[in-house]
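In: quick one, structure for this:
(2 chains)
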Amino acid sequence: DTAVSQTPKYLVTQMGNDKSIKCEQNLGHDTMYWYKQDSKKFLKIMFSYNNKELIINETVPNRFSPKSPDKAHLNLHINSLELGDSAVYFCASSGGGRGGTGTGELFFGEGSRLTVL
Amino acid sequence: QKEVEQDPGPLSVPEGAIVSLNCTYSNSAFQYFMWYRQYSRKGPELLMYTYSSGNKEDGRFTAQVDKSSKYISLFIRDSQPSDSATYLCAMSMGTGGFKTIFGAGTRLFVKA
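Out: The predicted model follows:
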């Protein structure tokens, strides 16, 4: 039973299109994240939600819009895709609640590899 | 200057070698230090976790944190081909924003 699952695993699309990635976790965690990993393996946080509330919003183009319908789900919608958006997007979750002593122990999904042509 | 610096490698060693992976950081507020292992086309998985300074050992793996030098290390003893992966150091302040900052990752190849 997969702990953090994200779909789709692969997306290939044209510039200018809109795409969505979905993520679900069954760990009962309060906090979920989107990370972007570029071709050099550098992993950078984009957004974080705690119990449906946005708590981290890094410097990300507003073409990227996260949405958390409940604390087990976090989706990412990307408008007007650009070549530079090509990357692997990882969803992650952790057990720390807001204001708690978050330890940084993250549980990652397997990633969604986005290729923009 | 990046908050966390890590040599991306690649690092190639023969089976059985001792591997040393390192990261330096600039933010003295970091309290939690982690090493994640990422196999090709998979998500990172937590390998070792240390709070504040000190050493932690788990089987063939030892993590060291020296907060005075802002330097963390991961040692792998008796390295195996199955250890071939990218190793990412990570750290967080542990309160408030729950932001975990990752190093660039070091690609390790262990040759049989």
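
In: alpha carbons only for contacts and neighbour counts from here, please
Out: Fine.

In: mean confidence (pLDDT) on the helix or strand where B:Y36 lies, please.
Out: Here B:Y36 sits within strand B:32-38, counting by DSSP states H and E. For strand B:32-38, mean pLDDT is 94.

In: how about low-confidence regions in chain B?
Out: B:1, B:95-98 (pLDDT under 70).

In: which parts of it sit against chain A?
Out: B:32, B:34, B:41-46, B:49, B:91-105 (C-alpha under 8 Å from any C-alpha of the partner chain).

In: which of those are buried, as a PyMOL select command?
Out: Buried residues within the residues of chain B next to chain A, by 16 or more other C-alpha atoms under 10 Å in any protein chain shown, are selected in PyMOL with:
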select buried, chain B and resi 32+34+43+44+45+46+49+91+92+93+94+95+97+98+99+100+101+102+103+104+105
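
In: what about the residues of chain B next to chain A, which are in strands?
Out: With DSSP state E as the criterion, strands contain B:32, B:34, B:45-46, B:49, B:91-92, B:100-102 from among the residues of chain B next to chain A.

In: what is the nearest of those to A:L11?
Out: Closest approach to A:L11 among these (C-alpha to C-alpha): B:E45, at 23.1 Å.

In: what sits opposite that closest one in the beta ladder?
Out: Beta-bridge partners for B:E45, by DSSP bridges, are B:R37.

In: also B:R107?
Out: On the basis of DSSP bridges, B:R107 is bridged to B:T86.

In: that one contacts B:D83, correct?
Out: No: between B:R107 and B:D83 there is no contact under C-alpha atoms under 8 Å: 10.3 Å.
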